[in-house]
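**Student:** Compute the structure for the input listed below.
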Amino acid sequence: MPTSSKAPRRPSRRPGTDESGAPAQQSDRSLAPERMLAFYRQMMLIRRFEERAARAYTEAEVGGYCHLNLGEEATVTGVTAALDAGDYVYANYREHGYALARGIAPGRLMAELYGRQDGVSRGWGGSMHMFDLDARFMGGYGIVGGQVPLATGTALAIDYRGGPEAVVCLMGDGTTNIGAFHESLNIAALWGLPVVYVVNNNGLGMGTAVEQSSAEPELYKRAASYRMPSARVDGNDPVAVFQAMRIALASAREGRPYLLEAMTGRMKGHSVVDPARYRSREEAEAVKAADPVAAYAVRLHGLGILTDDLIVSIDADAMAVVAEAVAFAEASPPPDVATLFDYTYATPVPNDTRRLPGAALYPAAPRPVLTEVSA
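**Tutor:** Numbering: from 1, shown residues only. All right, here's what the predicted structure looks like:
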């Protein structure tokens, strides 16, 4: 059985907390104004990209499923800003913002949504299956929790090789109820793997409230079953998320995997086609009022970092980038059908089929030749 090359060290208190166990507070002045402003630019780009993706879906330019990060921009920005270039990211199917923040070109992402050849997955992945090894963005996964064992396996490989990298595994709140979540956290804690599990808790697993599906709705507490350090953070505050992620990653690199729960909101339905009728009007208004992009703009304005003119300028820049991404996607041709299976396996495997959808599994049997029988 594999064992960790470094024994996990048990901290005297959970990282990210003070001596009483309360979340550690960070001052706005703990970050340079330039960095705080960069967070706002990133959040605005994600917001405008996702709004344009939603429009493209209604125009039938985007096929399949499409899940947006609208309302989660602060969490996306804070999480990714804390990563090193060599760290690995595994996402679920709500992934566009994370891919953008990881540095993948907006044009390649939009082209993937459009199913075009110049997309980040050559047009064959679509919204839920974006992948870029150069950015160490290891894909979105359509199966709930499908990424969790894979991310844990990558952390095992890093530990085996003695590398400095860490793995960040993103998931929604619903994923914490599947068996693979618990199995992965158990293995990671036993073997001291360099992985941070980030639960993006927007309060709803599709249309079911967390309180109705989880006997322990404070999801970060589940890490206690595995003696794993954990914390809950305000997911509408990019600075707080960034600081919490720095603590989590430092812990993971020292052989103590970490569970971080970010409390955020989902401004739309589960997917673009979901009208979210399970929400009351009051609930929908509360999410809208907690808009993290608008709230962060007010905060930076109060600190003298953001001006009215700069807000307009940053928005215009984001809109221009998204417009250019759409033009790039529209100019890209559809992929050749002959390339459908090019990336099925990393290396050749025996009996690999290249059968196209709808094609017969076996060649048609020859038809018998009918001859007339004389009387």
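
**Student:** Residue 72 is in contact with residue 241, correct?
**Tutor:** No - look at residue 241 against residue 72 with C-beta atoms under 8 Å: they stay out of range, at 10.4 Å. The C-beta positions use only the backbone N, C-alpha and C, and glycine is treated the same way.

**Student:** residue ranges of the strands in the stretch 251-375 of the chain, please?
**Tutor:** 258-263 (DSSP state E, counting those that start in this stretch).

**Student:** what ranges do the helices span in it?
**Tutor:** Under the criterion DSSP state H, counting those that start in this stretch, helices of the stretch 251-375 of the chain are mapped to 281-289, 292-302, 308-331.

**Student:** For the longest one, buried residues please.
**Tutor:** Neighbour counts using 16 or more other C-beta atoms under 10 Å place 310, 314-315, 318-319, 321-322, 325-326, 328-329 of helix 308-331 among the buried residues.

**Student:** going on from the strand or helix carrying residue 38, what's the next piece of helix or strand?
**Tutor:** Element membership for residue 38 (DSSP states H and E) is helix 33-58. Using DSSP H and E, the helix or strand that directly follows helix 33-58 along the chain is helix 73-81.

**Student:** tell me how far the helix or strand following that next one is from the chain's mean position?
**Tutor:** Using DSSP H and E, the next helix or strand after helix 73-81 towards the C-terminus is strand 88-90. Using C-alpha atoms, centre = their mean, to the nearest Å, the mean C-alpha position of strand 88-90 is found 9 Å from that of the whole chain.

**Student:** Which strands and helices lie in contact with strand 88-90?
**Tutor:** In terms of contacts (3 or more C-beta pairs under 8 Å, 6 or more residues apart in numbering; DSSP states H and E), strand 88-90 is packed against helix 147-161, strand 167-172.

**Student:** got the ones you listed as JSON lines, with distance to residue 214 and mean neighbour count columns?
**Tutor:** Formatted as JSON lines, the helices and strands packed on strand 88-90 follow (distance: least, C-beta to C-beta, whole Å; neighbours: other C-beta atoms under 10 Å):
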{"stretch": "helix 147-161", "distance to residue 214": "16", "mean neighbour count": "20"}
{"stretch": "strand 167-172", "distance to residue 214": "12", "mean neighbour count": "27"}
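
**Student:** quick one: which of these is nearest residue 360?
**Tutor:** Smallest distance to residue 360 across these (C-beta to C-beta): 33.1 Å, for helix 147-161.

**Student:** what angle do that closest one and strand 167-172 make?
**Tutor:** Interaxial angle, helix 147-161 versus strand 167-172 (axes from the mean of the first three to the mean of the last three C-alpha atoms, to 10 degrees): 170 degrees.

**Student:** Run a quick neighbour tally on residue 256.
**Tutor:** For residue 256, the count of nearby residues is 23 (other C-beta atoms under 10 Å).

**Student:** er, residue 212 actually
**Tutor:** 9.

**Student:** Could you do residue 371 as well?
**Tutor:** Neighbours of residue 371 using other C-beta under 10 Å come to 6.

**Student:** Of all the helices and strands packed on strand 88-90, which one is nearest residue 191?
**Tutor:** For residue 191, the closest of these is helix 147-161, at 6.8 Å, according to C-beta to C-beta.

**Student:** got the CA coordinates for that closest one in CSV?
**Tutor:** Presented in CSV, the C-alpha positions along helix 147-161 are these (Å, rounded to 0.1, in the frame of the first residue of the first chain):
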residue,chain,number,x,y,z
GLN,A,147,-13.2,15.1,-10.3
VAL,A,148,-12.6,14.4,-6.6
PRO,A,149,-10.9,11.0,-6.8
LEU,A,150,-8.8,12.2,-9.8
ALA,A,151,-7.6,15.3,-8.0
THR,A,152,-6.7,13.1,-5.0
GLY,A,153,-4.8,10.8,-7.3
THR,A,154,-2.8,13.8,-8.8
ALA,A,155,-1.9,14.8,-5.2
LEU,A,156,-0.7,11.3,-4.6
ALA,A,157,1.5,11.5,-7.7
ILE,A,158,3.0,14.8,-6.5
ASP,A,159,3.7,13.4,-3.1
TYR,A,160,5.3,10.3,-4.6
ARG,A,161,7.6,12.4,-6.7
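
**Student:** Off-centre distance for that helix?
**Tutor:** Centroid separation for helix 147-161 versus its chain: 17 Å, with C-alpha atoms, centre = their mean.

**Student:** again, but for stretch 223-237
**Tutor:** Taking the mean of its C-alpha atoms, stretch 223-237 sits 17 Å from the chain's own mean (C-alpha atoms, centre = their mean).

**Student:** Please apply the same query to stretch 259-269.
**Tutor:** Distance of stretch 259-269 from its chain centroid, counting by C-alpha atoms, centre = their mean, is 11 Å.

**Student:** hmm, back to that, nearest to residue 282, of the buried residues of helix 308-331?
**Tutor:** The closest of the buried residues of helix 308-331 to residue 282 turns out to be residue 315 (C-beta to C-beta; 29.0 Å).
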